[in-house]
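>>> I would like the atomic coordinates for the input below:
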Amino acid sequence: MAKKDNKNRAKQTKASKTQTLSLIFSSKDYYKQTKILNEVFQRTKTDILKNVEIVFSSKYENIDFAPELKDKLPEKYALHTPNQNFEIESDYAVFVDLDKLKKPFNFGEIQSLSSKLSENANKLIFVGAGKIENNKSHIWALEKDFAQYILNYQVDFFNIDYLIKKEKIEVEEFKIAQASPFEMEKSFGTKISSAFKNFINWFLILPILEMKKGKNERENFINNREPAIYRLLFFVLTFAMLFAMPILSLDVGISGDELVNYEHAKIVHEYYTKGNKAAVDVKINPQLESTLMQYYGQSFDNFTYLVNKTIGTNSPYESRHIMNSLMGWLIILVTGLLLTHISGWRTAVFAVLMLFISPRFLGHSYNNPKDIPFAFAFVFSIYQMILWAKELPKIRIKRLIYILLGIAFAISIRVGGLMLVGFLFLIIGLWFLSSTPLKDIFKSNNFAFGFRLVLIMIGITIAAFFVGIIYWPYAIESPIQHAKESLDIMTNFSVGIRQLFEGENIWSDRAPWYYLPKYIFMTIPIVVILGLVAFVSAIKKISQKTGPLYTFIIVFAFIFPVWYIIYQKSNVYGGWRHVLFIYPFLVAAAAMGFDAIVEFFKNTWIRIATISVMAIFMILPLRHIAKNHPHEYIYYNELSGGIAKNYGYFEMDYYFHSVRTACYWLNDHIKKEHAHDKEKVIVVSNNMGITQYYFRNDTANVHVGYIRYYDRGTVDWDYCIVANSYIDAYQLQNDLWPPKNTIHTIDVDGKPVGAVIKRENKDDYWGYMAKLEADQIAENNEEKAEKIITAIEHFKTALSFDPDNETALLYLTEIYMNLGQLDTAISYVDQLLTVHPSYENGLNYKGWLSMQIFDKTQNQERLNDAKTAFETLIHVNYKYVYAYYGLSMAYIRMNQYDNALSVAEEGLSVNPYFPALAELRNNLRSAR
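Numbering: from 1, shown residues only. Below is the predicted model:
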């Protein structure tokens, strides 16, 4: 007996009485089947045929028999044609597709099995010489209600197998001692055609027919059967998304990671085609020291490069975005399919909708080449593991291969995919423990089966690892050692990145423990949060429906990774994009919560009202997507206050999506305003690579360069494109960014996330160049004095255009400090810190200037100013080691030597290689 999960069908066998049978034939052309029908009737005893209801069914309005057959038809028969609701009289019906019948069979033996038939689907397998000739050589004897459904819904008899499998109906097998009357061999083309036909019938035809025929007939053959409308909705929604997501992806810019990944994919390709070691050797490719790309398998990036190279596209990133979006679509599809197996089609519909209307998830689906493919590998692998658990104790090779490939794909993207091995052992281990009584675990048969499962999982692990590193050069060089090295680096990623969080620019390696949970719940739609609340409230009921094991897996899959990251104090940044792989399971739980609410209310109108409320909350993020595409990933939900409240307090365009939009606008602007210019227009950006790509066809007229935003005055440029990333929180909160000479902004919900700045004059740049020339003159002579005067004049002119020009204020501070004009210098630095209170170089100058003034005047207030400036600087950037030196010196002037020593030691813990601070620390120790 093949076991299927279906608690709604009775499992007992009706053996207490002899049960009547109907024999239902189907054919496209009964005229051609005269001979075979004649022989069937001849082989079956007349008294048996008299007691059997014979039905001839057709998809056509008329059924024509050959004249020689009409006289030999049984006395009791009926015709069934389309649009005719036929009532089966017998307890069971046996279905025979005449068009597949190649030789006659004796119905008498089938009749003899009638007393043994169960309320499950009865599979009658033809056996020749005591041996099953072909497991596909069978017919079905089905209980009356199910048979009625098949007959009235015109289900193709050949597809009964497919329907039984999809409806998860339990199957009882019986053997018939006759050689197979069917010819079961099919060509590959026929199989494909049949599979497509099955697919269309299941997802489109049957649901539409059920909607037309009404609820009663739909639910008769399985109690509490889910309406097929949800299956139809699932198909329509996912099919629409299959086209919508790639189309939407074409509008989206290059993400912050893509350029480095794609360039590395190029040298990976050369590793395999030319033996170029630049993908693995730091000596050949020094950039690996900073990018660390050798530690990533990044198989998706490698694959997209191979595809682009093969098709020869001139738009490689647009092509990548299509492929990336398909990965996102697969996440939606697989999440839905997973839920159909553990909860139902309605839950799946809820989930695919919530995933699609999640702006962060959708936005990353377009152009995040690591986290989205990894998320697909993660959800696909766990989906296959759950299917395996549901199939056990049966072991299907196909399922094991799928699990192996899923884990391998995850490893091939990033080595953290190895955690799926833990999930595999957990899921199958829990299945074994839950299905085997504790006292029976060590019984020989159970222990042997458990040991077999362990061996299979070890085999999957080993195979998945080596398959996963096939496209990963660094791991190929030394599989175990380099994989372990990569895992250590990924687990303890040491490179901190500045992030805007809770109104401060913090380092990612110093983020608070709640960074991830807070970001997640601020940036997922309210409808998902409500679903999670419902899930927690109804978890007992959900577990009863889904099963405790599968409910636990869903919860564990989204809670454990976050908990582990918090426990490990791992370095996270860019919101929660690195844990996007947990989101499908979080949404799955939310969908199960909503399904539980709908299930709880039996009244149709209350159910409709519940779904309507859910739909209303879905409109909120959907509106954000429609309004702000292609920048929809910049999203904060309404509970957190939306973009307006979080602007300047949390990251906005950390992935540089706005650069593309700015480039397109500026390109049009340059063509209009500089059509007759002889010199190239200089465009700079805080993401040069992306900007270069979008101006790649205009290099004759445009030169692209790089700037840090706060160093923009030190570079020659005409236009500057800046994404809202690494911008000071104070400036964002107080509308000091974008600057006054901004000519265009890219907005999300009315807030600028990107800007195009036009240079009104270049005096700050000329002043900076004059200062550099002065610095290169060693002696204090007339030439140097003239350069300094020139620099001062230019900087002051720049301030007349823009009093908030950070470059002019900073370097005027430095010049006057070097000239010994401390009061003038401190006036400029105070003005600078009014504009940008956390400007690190400004705070450093403020500290040292204040201390110098104290040394001259003994004004205690100035010493307190120095102390405050250095403390603020350490708070702003704990890695700014000069601040520790300055603060320690301030404490020495205050005669607080213990504090001075403590600060010096703290600074050396941040950077042990600062000789002046080390010397100061040693002197303080000696003086104690």
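>>> so residue 890, which state does it fall into?
Of the three states, residue 890 takes helix under DSSP: H, G, I helix; E, B strand; the rest coil.
>>> so what's it up against?
By CB atoms under 8 Å, 6 or more residues apart in numbering, the contact list for residue 890 reads 847, 851, 863, 866-867, 870. Where you see a C-beta, it was placed from the backbone N, CA and C, and this is true even at glycine.
>>> ok, the residues you listed vs residue 418, which is closest?
residue 870 (44.6 Å; CB to CB).
>>> now, which of the contacts of residue 890 sits nearest residue 522?
Residue 522 lies nearest to residue 870 out of these, by CB to CB, at 33.3 Å.
>>> what does the model give the closest one for pLDDT?
Model confidence at residue 870, given as pLDDT, is 97.
>>> check which helix or strand covers it.
helix 860-876 (DSSP states H and E).
>>> show me what counts as buried in that helix.
Residues 862-863, 865-874, 876 are the ones in helix 860-876 that count as buried (16 or more other CB atoms under 10 Å).
>>> who are the packing partners of it?
Applying 3 or more CB pairs under 8 Å, 6 or more residues apart in numbering; DSSP states H and E, we find helix 860-876 packed against helix 840-857, helix 881-893.
>>> and those: which comes nearest residue 693?
helix 840-857 (31.0 Å).
>>> what does that closest one rub up against?
Residues contacting helix 840-857 (CB under 8 Å, 6+ apart): 806, 809-810, 813-814, 817, 822-823, 825-826, 829-830, 832-833, 836, 859-860, 862-863, 865-867, 869-870, 872-873, 876-877, 880, 882-883, 886-887, 889-890, 893.
>>> hmm, residue 460 is touching residue 406, no?
No - the pair residue 460 / residue 406 is not scored as a contact, 9.9 Å apart, by CB atoms under 8 Å.
>>> could you tell me which residues touch both of those two?
When CB under 8 Å, 6+ apart defines a contact, no residue borders residue 460 and residue 406 alike.
>>> which of the two has more neighbours?
Between residue 460 and residue 406, counted using other CB atoms under 10 Å, residue 406 has the larger neighbour count: 26 against 22.
>>> check which helix or strand the residue nearest to residue 66 when sequence neighbours are not counted maps to.
Setting aside the residues directly before and after it, residue 66 is nearest to residue 34 in space (CB to CB, 6 or more residues apart in numbering), at 4.0 Å. Taking DSSP H and E as the definition, residue 34 sits inside helix 34-43.
>>> helices or strands up against the next helix or strand after that helix?
Toward the C-terminus, helix 34-43 is succeeded by helix 46-50 as the next helix or strand (DSSP H and E). Helix 46-50 sits against helix 107-112, with contacts defined as 3+ CB pairs under 8 Å, 6+ apart.
>>> pairing partners for whichever helix or strand comes after the helix it packs on, with directions?
Per DSSP H and E, the first helix or strand lying C-terminal to helix 107-112 is strand 121-128. Applying DSSP bridges, strand 121-128 is found paired with strand 131-132 (antiparallel), strand 138-143 (antiparallel), strand 171-176 (parallel).
>>> buried ones in the last one, by neighbour count?
Translated: strand 171-176. For strand 171-176, the neighbour count (16+ other CB under 10 Å) marks 171-172, 174-176 as buried.
>>> I'd like the average pLDDT over stretch 340-350.
Stretch 340-350 shows an average pLDDT of 96 in the prediction.
>>> now the end-to-end length of it.
Stretch 340-350 has an end-to-end distance of 11 Å (criterion: CA to CA, to the nearest Å).
>>> can you give the distance of it from its chain's centre?
Centroid separation between stretch 340-350 and its chain, computed with CA atoms, centre = their mean, to the nearest Å, is 19 Å.
>>> run through who's touching that stretch.
226-228, 230-231, 233-234, 237, 335-337, 339, 386-387, 390, 531, 542, 545-547, 550, 554, 588, 590-592, 594-595, 598, 614.
>>> just the ones of those residues in strands?
Of the positions in the contacts of stretch 340-350, not one sits in strands, assigned by DSSP state E.
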